[in-house]
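*Asks:* What would the 3D arrangement of this be:
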Amino acid sequence: MFSIPGKQAVTITPTAAKQIARLMDKDGHQGLRIGVKKGGCAGMEYTMDFAAEVDPNDEVVEQDGARVMIAPMAQMFLFGTEIDYETSLLESGFKFRNPNVADACGCGESIKFKDVEELAAERGA
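*Replies:* Numbers count the residues shown, from 1 in each chain. Just a heads-up that it's a prediction; the model follows:
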């Protein structure tokens, strides 16, 4: 598991926490599991799924009634990310402000991360 003692893997804005908690209450989920997978025009995509249970290998972040679980393979790529929920005239949804992203496609759905060695060096690993 990738973590820095005393520092949460991700932060959740109050707006995102409210939305996650509302969705958890509505459907009785244990939380929102986030991860990354290969795909999209930039190479990687975020994944978001509601979880019925907490996996012991997940990094768990709890805030204001919201629970976010980070899949083990995504922890290094998501460390330092802020999760927000934005509503506009055209769309509403979760937004990731991730300092580990090197590039993103025009639609914002696909991302490219910095090299693993670069991420490790930035964190002093």
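*Asks:* Mind telling me what element the most centrally placed residue in the chain is part of?
*Replies:* The C-alpha lying nearest the average C-alpha coordinate of the chain belongs to residue 34 (Cα atoms, centre = their mean; 4.9 Å). In this structure, residue 34 is located in strand 31-38 according to DSSP states H and E.
*Asks:* Partner strands of that strand, with direction?
*Replies:* Strand pairing for strand 31-38, using DSSP bridges, gives strand 44-51 (antiparallel), strand 66-70 (parallel).
*Asks:* Buried residues, it. List them.
*Replies:* 31-36 (16 or more other Cβ atoms under 10 Å). Bear in mind the C-beta positions are built from the backbone N, C-alpha and C, glycine included.
*Asks:* what does stretch 81-93 give?
*Replies:* In stretch 81-93, counting by 16+ other Cβ under 10 Å, buried: 81, 83-85.
*Asks:* Out of those, which is nearest to residue 48?
*Replies:* residue 83 (9.5 Å; Cβ to Cβ).
*Asks:* Quick one: residues contacting that closest one.
*Replies:* Shown in contact with residue 83 (Cβ atoms under 8 Å, 6 or more residues apart in numbering): 10-13, 16, 34, 68, 94-96.
*Asks:* Any chance of a PyMOL selection covering the buried ones in those?
*Replies:* The buried residues among the contacts of residue 83 can be selected in PyMOL (16+ other Cβ under 10 Å) with this line:
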select buried, resi 10+11+12+13+16+34+68+94+96
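*Asks:* Just put the contacts of residue 83 in TSV and tack on secondary structure, pLDDT and distance to residue 62.
*Replies:* Shown next, in TSV, are the contacts of residue 83 (DSSP: H, G, I helix; E, B strand; the rest coil; pLDDT from 0 to 100; distance: Cβ to Cβ, whole Å):
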residue	secondary structure	pLDDT	distance to residue 62
10	strand	91	11
11	strand	93	12
12	strand	95	9
13	coil	95	14
16	helix	95	13
34	strand	92	14
68	strand	94	8
94	strand	90	17
95	strand	88	20
96	strand	88	18
